[in-house]
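Enquirer: Take this sequence and fold it.
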Amino acid sequence: MRGRRARQSIEAPSTKEHDDELVHHSRTCSGSCRDIAALFIEAARHLGYDARAVSGYLVDVGQPEDDPGSTHSWAEICLPGAGWIAFDPTHRRVGNANLIPVAFARLNRQIMPVAGGFPERPEDFDRIEVTVKVRRVDWPDRGGRLI
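Expert: Next up, the predicted model:
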């Protein structure tokens, strides 16, 4: 197809549960960062933009070095000529400052930060620990960057 841009679309079937959640969050103006990002992604897609969910960490520049930040979810929209741009509708931010992406997918449920189960008896499970450390690294050609 010369002169025309081919566009691949991966459509996920909509579920009543997913649709009901979006309607609830839009009516109540409330929800987790995942809920707000999902609503933003669906609105962007409705306007004809490619959009994806991102899961990762949110860190603040002034936080102590031993503070790991917090898990967070936001959206990325593909803008013609600019590529994938981060949009954090929860905090009303554009751009990826203070956002550390870990995974992206079409839907949030495909990139849950923690999921799974323990197939043994509950009393056999003692605890689970996850440690995340975020630190600033100074790259000579890019300035400081969080990793």
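Enquirer: so where do the strands sit in this structure?
Expert: Under the criterion DSSP state E, strands of the chain are mapped to 50-58, 70-79, 83-88, 93-94, 99-105, 136-139, 143-146.
Enquirer: Mind listing residues that contact the third one?
Expert: Outside strand 83-88, the residues that touch it by CB atoms under 8 Å, 6 or more residues apart in numbering are 37, 40, 44, 52, 54, 58, 72, 74-79, 93-96, 99, 101. C-beta coordinates here come from the backbone N, C-alpha and C atoms, glycine included.
Enquirer: just the second one next, same as before
Expert: The set of residues external to strand 70-79 that reach it, using CB under 8 Å, 6+ apart, is 32-34, 37, 40-41, 44, 49-58, 84-90, 99, 104, 108, 113-114.
Enquirer: measure the residue lying closest to residue 113 once chain neighbours are set aside to residue 108 for me?
Expert: In this structure, residue 113 finds its nearest non-sequential neighbour in residue 71, 4.9 Å apart by CB to CB, 6 or more residues apart in numbering. Using CB to CB, to the nearest Å, we find residue 71 at a distance of 12 Å from residue 108.
Enquirer: Quick check: neighbours shared by those two?
Expert: Joint contacts of residue 71 and residue 108 (CB under 8 Å, 6+ apart) are residue 55.
Enquirer: Neighbour count: the two, which is higher?
Expert: residue 108 (21 against 17; other CB atoms under 10 Å).
Enquirer: Quick check, the more buried one in contact with residue 36.
Expert: No - counting by CB atoms under 8 Å, residue 108 stays clear of residue 36, with 10.5 Å between them.
Enquirer: In this structure, where is pLDDT below threshold?
Expert: Along the chain, the parts satisfying pLDDT under 70 run over 1-30, 63-69, 114-116, 134-147.
Enquirer: Kindly recompute the last result at 90.
Expert: Within the chain, the ranges that satisfy pLDDT under 90 run 1-35, 57-72, 91-92, 95-102, 107-147.
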